[in-house]
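>>> turn this into a structure:
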Amino acid sequence: MKKGGLVVLVLLLIGGIGAYIWYRNIKEKQTSTGKPYDNTMKPRLEMSRFAITDISEDTIRMNLYMLIDNPLPVGFKSPKLDYTFYIANTPVMVDAYKKPIHIKSGDSTLVVLPAKLVYKKMIKVLETLDRKDIDSTNYKMQAKFALDVPILGQKTFVTTVDKRLPTLYLPKVKIDDIDFGKLGLKRTDVAAKVSITNKNKMPFNITDTRYTVVIDGKEIADGAQPEPILIKAQATTPVVFPVTAHPGKTLSVLPKMLFDKKDTPYSVKFRCKIIDKKGNSSFANSTFASTVTGTLDDFKKLKK
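Predicted structure coming up:
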């Protein structure tokens, strides 16, 4: 054997012994602390938190903050990460993070995974928890990513993280009444009386509230309430929102408002920002949007 080949062989042998000693030390350390050691050669995933950023009628957008830890003696690169998010062991979202992930040896990195949940699917899970009076549940993330590791070669790892947190209920908006006051040619007084139900154990504020009243397909009024409003925990909070009417459009639907309330549809488009009063980041200044519909027969008699 040539001298150069012998040197390479010796270096590989030393590297192999070093890797064995490193692995055995980690294995013994994990065993002494009562932790499993079969994952010591795999990256580990930890869900730091999740934050809802936007709630609309069809979808809920949120960010999942995941900490990826690399216990390997070498850095690695992953071209993408596939993940599934579960609430109460029910899959509510499947997506992929398609940006490359680079993690140095013995290091960790925080990755923000954008998630889009189908509103009806999540609501179905929450309603089931509500019927069973369950105030906390499991939030689970299962991730699969391929690693280009120089020593191990191309490997696909699947890792799961499970965290038990309070059940997070979405606020529910109900329009109790639209008070039109006196209907006239020059002025129409309008006020929207709203009930906001919060089933969570934490109160929150709504701010930068904007709303639009549509009757029979015509936008007759709108308004805004920039000041924060406290929504109490595990309670229904009544709120009265002042509305600016558009007299011309109001008069165009006046006959139906007065004489055909049963068949005259309305909708109130409601939008605001939610801020947790105690600084909880689950809502993270999320935007909340809701559209409430019905007929004018739902409300009190109009004042002539």
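>>> secondary structure element for residue 113?
strand 108-118 (DSSP states H and E).
>>> partner strands of that strand, parallel or antiparallel?
With DSSP bridges as the test, strand 108-118 is paired with strand 59-69 (antiparallel).
>>> give the next helix or strand downstream of the partner strand.
Per DSSP H and E, strand 59-69 leads on to strand 76-78 as the next helix or strand towards the C-terminus.
>>> which strands and helices sit next to that next one?
Judged by 3 or more C-beta pairs under 8 Å, 6 or more residues apart in numbering; DSSP states H and E, strand 76-78 is in contact with strand 101-103, strand 136-149. Where C-beta positions appear, they are placed from N, C-alpha and C, glycine not excepted.
>>> hmm, back to that, name the residues that touch the strand holding residue 113?
Strand 108-118 is contacted by residues 48, 50, 58-70, 81, 83, 85, 92-93, 95, 97, 101-103 when judged by C-beta atoms under 8 Å, 6 or more residues apart in numbering.
>>> how does it look with 6 Å?
Strand 108-118 is contacted by residues 59-69, 85, 92-93, 97, 103 when judged by C-beta atoms under 6 Å, 6 or more residues apart in numbering.
>>> how far off strand 136-149 does it point, in degrees?
120 degrees (axes from the mean of the first three to the mean of the last three C-alpha atoms, to 10 degrees).
>>> what's the weakest-modelled helix or strand in this protein?
Here the helix or strand of the chain ranked lowest by mean pLDDT, DSSP states H and E is helix 3-32, holding a mean of 49.
>>> what ranges do the strands span in the stretch 151-300 of the chain?
Along the stretch 151-300 of the chain, the segments classed as strands by DSSP state E, counting those that start in this stretch run 153-166, 172-179, 190-198, 204-215, 218-225, 229-231, 235-245, 265-276, 286-295.
>>> including mean neighbour count and distance to residue 77, could those go into TSV?
Formatted as TSV, the strands of the stretch 151-300 of the chain follow (neighbours: other C-beta atoms under 10 Å; distance: least, C-beta to C-beta, whole Å):
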stretch	mean neighbour count	distance to residue 77
strand 153-166	13	11
strand 172-179	17	45
strand 190-198	19	44
strand 204-215	20	40
strand 218-225	18	48
strand 229-231	16	45
strand 235-245	15	50
strand 265-276	19	37
strand 286-295	17	33
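>>> CSV for those, including mean pLDDT and distance to residue 111?
CSV is the format used below for the strands of the stretch 151-300 of the chain (pLDDT from 0 to 100; distance: least, C-beta to C-beta, whole Å):
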stretch, mean pLDDT, distance to residue 111
strand 153-166, 77, 13
strand 172-179, 86, 33
strand 190-198, 88, 31
strand 204-215, 91, 27
strand 218-225, 89, 37
strand 229-231, 93, 32
strand 235-245, 90, 37
strand 265-276, 88, 24
strand 286-295, 87, 20
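>>> still on that earlier bit, return the most buried member of the helices and strands packed on strand 76-78.
Comparing the helices and strands packed on strand 76-78 by mean neighbour count (mean count of other C-beta atoms under 10 Å), strand 136-149 ranks first with a mean of 18.
>>> so what does that strand touch, helix or strand wise?
Where contact means 3 or more C-beta pairs under 6 Å, 6 or more residues apart in numbering; DSSP states H and E, strand 136-149 is packed against strand 76-78, strand 81-87, strand 153-166.
>>> the ones you listed: which one's closest to residue 292?
When the helices and strands packed on strand 136-149 are compared by C-beta to C-beta, strand 81-87 sits nearest residue 292, at 25.3 Å.
>>> may I see the buried residues of whichever helix or strand comes after that closest one?
Sequence order places strand 90-97 as the next helix or strand after strand 81-87, per DSSP H and E. By 16 or more other C-beta atoms under 10 Å, the buried positions in strand 90-97 come out as 90, 92-93, 95, 97.
>>> one step back: so which of the helices and strands packed on strand 136-149 is nearest residue 216?
Using C-beta to C-beta, the nearest of the helices and strands packed on strand 136-149 to residue 216 is strand 81-87, at 39.0 Å.
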